[in-house]
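Trainee: quick one, structure for this:
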Amino acid sequence: MVWSVGEVLNCTDFVNLLRNDYLSPAYGMESCIGVPGNLLALLAYIFCLSEWQSCNIYLFNLAVSNLVFLCTLPRLSYLYANNQTETQPFACVFNRYVLHVNLYSSILFMVWVSMDRFLLVKYPSRNHYLLRVRTALILTGLSWIAVNVEVAPMVVLMVQDLQSRNWSLCKDFASLNGDMNLLGYSLGLTLTGYIVPLLALCGFSLQISQLLQTQEKALQRRTTSYKRPLRIVAATTAMFLTLYTPYHVMRNIRIAFRQPWAAGMELCIKTYSEGLYILSRPLAFLHSAINPVFYFFVGDKFRELLITKLKKMVRRTG
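Mentor: Sure, this is the predicted structure:
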């Protein structure tokens with residue numbers, strides 16, 4: 001099929017329109033919503049909690065990761081709004097690095113939160129070693145190391161790509177060029193950073209469900225007070241499945257269409273796939289703005305302590 005010049009231009013216009021008129025307001029909105037929520041959570045953890053539990057450790061680190069990432073979005077929003085690209089190499093690498101570290105640390109910390117909720121249902125007295133604060137600190141440290149190891153090759157690719165472009169053009173992950181097999185790396189990152197943690201979330205959701213069913217049969221009554229961990233873990237799994245799947249699918253398709261074997265593919269098919277990839281990016285990053293809801297409902301006594309603290313502050317200023 002032969003495409004006319006006008007059709008090709010329309011394809012290009014579609015992608016440019018998304019970059020300028022979609023990415024900018026989407027990133028700006030996520031920053032405006034997510035920064036206050038995550039900042040409030042951090043301050044609450046620091047000043048309200050007198051005794052930390054394992055779950056609080058995971059959620060605190062999640063809030064730190066989210067807040068650092070969300071603080072990079074206003075810069076991206078400004079650049080896309082003005083049809084500009086990042087001209088500072090360090091800022092380019094740092095922004096993409098923070099973005100992907102947050103992307104994969106978020107789901108990993110939620111896996112530990114789900115594990116914590118499962119163990120809490122199974123061991124209400126917190127006598128399991130995985131529910132100890134020291135264990136949570138160790139798992140947190142290993143998680144940061146694991147995510148950085150996963151993202152490190154991308155940093156190398158970004159530096160190589162910037163060097164090839166005279167350090168003047170900042171590209172997104174799916175548009176990089178370097179010595180590494182980008183498609184293989186992206187597929188591996190999808191598997192280890194997304195699919196495996198998602199399966200773990202599904203597993204904990206299933207385990208909690210089975211455990212609650214067993215308790216109901218043993219006690220001959222509905223354990224409604226323990227249903228909340230199941231709802232939380234199920235909601236977490238649904239969130240990452242909904243937000244992350246389009247991004248990872250379209251990222252890998254976008255990279256695949258840039259391979260030599262796809263050289264003869266029609267330009268508009270490639271362009272529309274790039275447009276869908278652009279659409280999926282703010283959707284994937286939306287989790288950082290949504291996560292404060294989980295801090296409010298998951299953390300042990302977090303909601304009560306936060307409300308009590310806010311009431312005291314209102315009384316002092318009143």
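
Trainee: CA atoms of stretch 124-137 as CSV?
Mentor: Coordinates of each C-alpha in stretch 124-137 appear next as CSV, following Å, rounded to 0.1, in the frame of the first residue of the first chain:
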residue,chain,number,x,y,z
PRO,A,124,-1.7,-11.6,63.8
SER,A,125,0.7,-11.4,66.8
ARG,A,126,3.6,-10.5,64.4
ASN,A,127,5.7,-13.4,65.5
HIS,A,128,7.1,-14.1,62.0
TYR,A,129,10.6,-12.9,61.3
LEU,A,130,9.6,-11.3,58.0
LEU,A,131,7.4,-9.0,60.0
ARG,A,132,10.3,-7.6,61.9
VAL,A,133,11.6,-4.0,61.2
ARG,A,134,15.1,-5.3,60.7
THR,A,135,14.0,-7.7,58.0
ALA,A,136,12.1,-4.9,56.3
LEU,A,137,15.2,-2.7,56.3
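
Trainee: now that stretch: mean pLDDT?
Mentor: Averaged across stretch 124-137, pLDDT comes to 91.

Trainee: which parts of that stretch are buried?
Mentor: Buried residues in stretch 124-137, counted by 16 or more other CB atoms under 10 Å: 131, 136. All C-beta spots, glycine's among them, are computed from the backbone N, C-alpha and C.

Trainee: give me the contact list for it.
Mentor: 52-55, 57-58, 112, 115-116, 119-120, 122-123 (CB atoms under 8 Å, 6 or more residues apart in numbering).

Trainee: what's the answer for stretch 102-112, then?
Mentor: 58-59, 61-62, 65-66, 68-69, 136, 139-140, 143-144, 146-147, 150-151, 189, 193-194, 197-198, 200-201, 204, 236, 240, 244, 284-285, 287-288, 291, 294.

Trainee: over to stretch 177-187?
Mentor: Residues contacting stretch 177-187 (CB under 8 Å, 6+ apart): 153-154, 156-157, 160-161, 164, 173-174, 176, 251-252, 255-256, 258-259.

Trainee: alright, that wraps it up for me.
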